[in-house]
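Undergrad: Provided below for reference: sequence and predicted model.
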Amino acid sequence: MLSLKQLRTRIHTIKSIQKITKAMHIVSAAKLRRIKGNIDNIFEFPLNTKKIISNLINHYHLFELSDEQKYFLNQEYTKTNVTLIILITSERGLCGNFNSSVIKKMKYDIESKYKNKEIKLIIIGKKGYDALKNLHANQIIDYYQTEKDKINLTSYQLSRKIIELITKREIGNCQIYYNQFKNVMSQVVIREQILPIDISDDDYAECKYEGENIIDQSIHLYLIGSLSFALNESKISEEAARMTAMDSATRNASQLIDNLNLILNRSSLAAISSEFNEIISGAEAT
């Protein structure tokens, strides 16, 4: 049984934590609104670049492309079955099962889908790196931090890294794992193939293009757009998950404070009653 002093100390501690969780909820809500504007602006970019690439391929025909350009469109040309997996997680915790769900999905696929295949890993986010640096140390080839307001820079650096791996025939395809934002209460783990580029007939539209290296530039823009979209989706999902987790923690703290206050009041009343009985007993004894 806790003493009255210990109960008051615990209530004070929980109230202090509650102030922090409430503040984090407000901050995450503000960040979510800001990042959501970025998602709306770049949503169509990867789709449009795919259409451009489809138009170019139909215009130039596949046999007219260089070997390096073919690597981005068909895994058979690279003559390697090595799969590059990009995992996007967060730098910080306190966001529910945001990180654990995407890490769990990727681990499951490695043990089943890619069981007999060689894989290479690029980890984005400290939480993902910490979770995999021991078990998959030999497969991790690069690690990026998702620093504040540097998503575009990370997308550019990562796209250059992927292009380098493809042109050197070190990988044949690339899969990306991230959390996709549905709503504040729901985020869905997504596994998406970004290479080879999946070109469908629906992407084609008759257009004319002029300029040198337009295919290479379009592939680079497609990679940057796809990676930027995934990073922004992951970031907004992280803030939504953190906002939900902090709101839940704040409400749980309120409930815990009410329960402790009830115990404190009962303990105080019991102590007063005990002292009152002792005074009466002493008076009767005299």
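TA: Nice, I can see it. Residues are numbered from 1 along each chain as shown.
Undergrad: burial of Val188, as a residue count?
TA: Other residues within reach of Val188, judged by other C-beta atoms under 10 Å, total 13. C-betas here are computed from N, CA, C, even on glycine.
Undergrad: Tell me what it is bridged to.
TA: On the basis of DSSP bridges, Val188 takes part in beta bridges with Gln180.
Undergrad: need the contact list for it.
TA: Neighbouring residues of Val188 by C-beta atoms under 8 Å, 6 or more residues apart in numbering: 179-180, 182.
Undergrad: Narrow those residues to just the buried residues.
TA: For those, a neighbour count by 16 or more other C-beta atoms under 10 Å gives the buried set as 179-180.
Undergrad: Single out whichever of the contacts of Val188 has the smallest pLDDT.
TA: Of all the contacts of Val188, the model is least confident about Lys182, whose pLDDT is 85.
Undergrad: separation between that one and Lys120?
TA: When distance is defined by C-beta to C-beta, to the nearest Å, Lys182 is 30 Å away from Lys120.
Undergrad: Please name the residues that touch Asn261.
TA: The neighbours of Asn261, taking C-beta under 8 Å, 6+ apart as the test, are Ile11.
Undergrad: please redo it, this time with the cut-off set to 10 Å
TA: Taking C-beta atoms under 10 Å, 6 or more residues apart in numbering as the criterion, Asn261 is in contact with 7-8, 11.
Undergrad: how about the contacts of Val188 in JSON lines, adding distance to Ile26?
TA: As requested, the contacts of Val188 are exported to JSON lines (distance: C-beta to C-beta, whole Å):
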{"residue": "Asn179", "distance to Ile26": "22"}
{"residue": "Gln180", "distance to Ile26": "24"}
{"residue": "Lys182", "distance to Ile26": "22"}
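Undergrad: ok, the contacts of Val188 vs Lys105, which is closest?
TA: Checking these against Lys105 by C-beta to C-beta gives Asn179 as the nearest, at 9.7 Å.
Undergrad: show me the contacts for the spatially closest residue to the closest one that is not a sequence neighbour.
TA: Among residues not flanking Asn179 along the chain, Ser237 sits closest, at 3.8 Å (C-beta to C-beta, 6 or more residues apart in numbering). Listed by C-beta under 10 Å, 6+ apart, the contact set of Ser237 reads 32, 35, 88, 90, 95, 98, 102, 178-182, 184, 186-190.
Undergrad: and if you look at Leu264?
TA: Under the criterion of C-beta under 10 Å, 6+ apart, the contact list for Leu264 reads 2, 4, 6-8, 10-11.
Undergrad: Show the backbone phi and psi for it.
TA: The phi and psi values for Leu264, taken as degrees, to the nearest 10, are phi -60, psi -40.
Undergrad: How many residues are close by Ser226?
TA: Applying the criterion other C-beta under 10 Å, we find 25 residues in the vicinity of Ser226.
Undergrad: looking at it, it is touching Leu195, isn't it?
TA: Yes: assessed by C-beta atoms under 10 Å, Ser226 is found in contact with Leu195 at 9.2 Å.
Undergrad: Can you check which residues contact both of those two?
TA: Listed contacts common to Ser226 and Leu195 are 174, 176; contacts here mean C-beta under 10 Å, 6+ apart.
Undergrad: and the gap between Leu73 and Ser66?
TA: When distances are taken as C-beta to C-beta, Leu73 and Ser66 turn out to be 11 Å apart.
Undergrad: cool, and Lys113?
TA: In this structure, Lys113 lies at 31 Å from Ser66, with C-beta to C-beta as the measure.
Undergrad: between these two, which one's more packed in?
TA: Looking at Lys113 and Ser66 with other C-beta under 10 Å, you find the greater number of neighbours at Lys113, namely 14 against 9.
Undergrad: Show the model's pLDDT score for the more buried one.
TA: Looking at Lys113, its pLDDT reads 87.
Undergrad: Surely it and Arg191 touch.
TA: Yes: with contact defined as C-beta under 10 Å, Lys113 reaches Arg191; the gap is 8.9 Å.
Undergrad: Overlap of the contact sets of those two?
TA: Listed contacts common to Lys113 and Arg191 are 106, 175; contacts here mean C-beta under 10 Å, 6+ apart.
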